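**Q** Structure for the following, please:
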Amino acid sequence: MLVYGYGNPGRQDDGLGPLAAEEIEKLGYPFVDTDANYQLQIEDAEEISRYDVVIFVDASIEKDEQFTVRKIEPALKIAFTTHAMGPESVLALCEESFARSPETWLVAIRGYGFDIGEELTERARGNFQQALSFIILLLDELKGKSMANAEAKTILIIDDDSDLRAAMRIVLEASGFTVGEAANGEEGFKVADRVKPDAVIVDLMMETVDAGSKVSTKLKESGFKGPIFLLSAAGDTVRYNIDPRELGLAGIFQKPIDHKVLITTLKKQLRIG
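**A** Purely as a prediction, here's the structure:
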C-alpha cells in the first residue's frame, strides 16, 4: 500500500496531506510505503502502478465535515495544462500506460488557513487527528479485507446526511461488510425489506427530532431481530436521557463517528472474528 500526501507545508493547512504521510511513516507498517510532494505529477502514475492500494491525502476547503473520503475512479479524459494533475488523472494515466489500476482512495481534510507559514490552524489540527485515525483504520481493514465471515453481513445506514453515509460506507465496505443506505425512515423500511440487513444504524434526528427512535420501534414491530444503533450529535444529552435498552437498541454512536469503535462494536454484536 502507498499513502501519498500532497500539498505545500509552507502554507499552513495546505500541508495536511504531507503531514499525514509523515505520521503514517512513523508507525512503521511493513506493508505501507509513504510519499509526499507539493502537487501530483505525471511521474506519479508510474509510482502508483507498483501498489495494490493507494491512499491520496490532501487539504480541502469544499466541505464542512472534518474530512471526507471517496474512492477514486480513473478520469474519462486525461487533461492538464501544467505539470500538476488530479488523482483521477494520475490513476487514468497509470491504467493507460502501465495496464495497472490500484484500488485508490482520496482523504480530503478540511483546512481553513492557507497563508504563508508552517503552523496548522487549530481547527485543522483537530480535523487532522480525526482523519489520521480513519486512515490508520482504513489501512488495517484493507489489509484484512478477506475476512469471509464479515462479507456475509449487511449493515443498513439510515441518515439524511449523504456525506456521513458515504464515509461510513467506505470504512464498512473496507472491513468486508455489505452496506445499504437510506436518507429517511420511509426509505429505510423499503431498503430493509430489500437487503435484509443484519444490523441497522439510524440517525436520531432526521425529519423529526426523535425520528431515529420511531424508526427503530417500527423496525422491531415489523419483526427485525438484529441490533439497531442510534446515531446522535447531541452528545451527553442523549446519553443521559435515553436508555438504549428500553428502546430495544444495541447502543448509541456519537457524531463525529469514531470509525474504530464502529467496526469493533459491529463485529462484537454480530459475532465476527
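**Q** rest of the way, CA atoms for contacts and neighbours
**A** OK.
**Q** gap between the two ends of stretch 23-33?
**A** In stretch 23-33, first residue to last residue: 12 Å (C-alpha to C-alpha, to the nearest Å).
**Q** Run through who's touching that stretch.
**A** In this structure, residues lying in contact with stretch 23-33 by C-alpha atoms under 8 Å, 6 or more residues apart in numbering are 1-3, 34, 136.
**Q** Are any of those buried, and if so which?
**A** The neighbour-count test (16 or more other C-alpha atoms under 10 Å) marks 1-3, 34 as buried among these.
**Q** Looking at these, which is nearest residue 128?
**A** Within the set of the buried ones among the contacts of stretch 23-33, residue 3 lies nearest residue 128; the separation is 14.8 Å, counting by C-alpha to C-alpha.
**Q** just checking, the closest one touches residue 58?
**A** No: between residue 3 and residue 58 there is no contact under C-alpha atoms under 8 Å: 10.9 Å.
**Q** mind listing the helices in this structure by residue range?
**A** Taking DSSP state H as the criterion, the chain carries its helices at 16-26, 44-48, 87-98, 122-143, 148-151, 162-174, 185-195, 211-221, 236-241, 259-269.
**Q** rank the ones you listed by pLDDT, which is bottom?
**A** When mean pLDDT is averaged over each of the helices of the chain, helix 148-151 scores lowest at a mean of 48.
**Q** wait, doesn't residue 114 sit right on residue 14?
**A** Yes: under the criterion of C-alpha under 8 Å, residue 114 makes contact with residue 14 at 6.0 Å.
**Q** Who has more neighbours out of those two?
**A** residue 14 (30 against 18; other C-alpha atoms under 10 Å).
**Q** Quick one: residues contacting that one.
**A** Contact criterion C-alpha under 8 Å, 6+ apart gives 7-8, 58-59, 111, 113-114 as the residues in contact with residue 14.
**Q** sorry, back to before: now intersect the buried ones among the contacts of stretch 23-33 with the strands, please.
**A** Residues of the buried ones among the contacts of stretch 23-33 located in strands (DSSP state E): 2-3, 34.
**Q** Can you add distance to residue 53 and pLDDT and give the residues you listed back as JSON lines?
**A** JSON lines is the format used below for these (distance: C-alpha to C-alpha, whole Å; pLDDT from 0 to 100):
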{"residue": "2", "distance to residue 53": "6", "pLDDT": "97"}
{"residue": "3", "distance to residue 53": "9", "pLDDT": "98"}
{"residue": "34", "distance to residue 53": "12", "pLDDT": "97"}
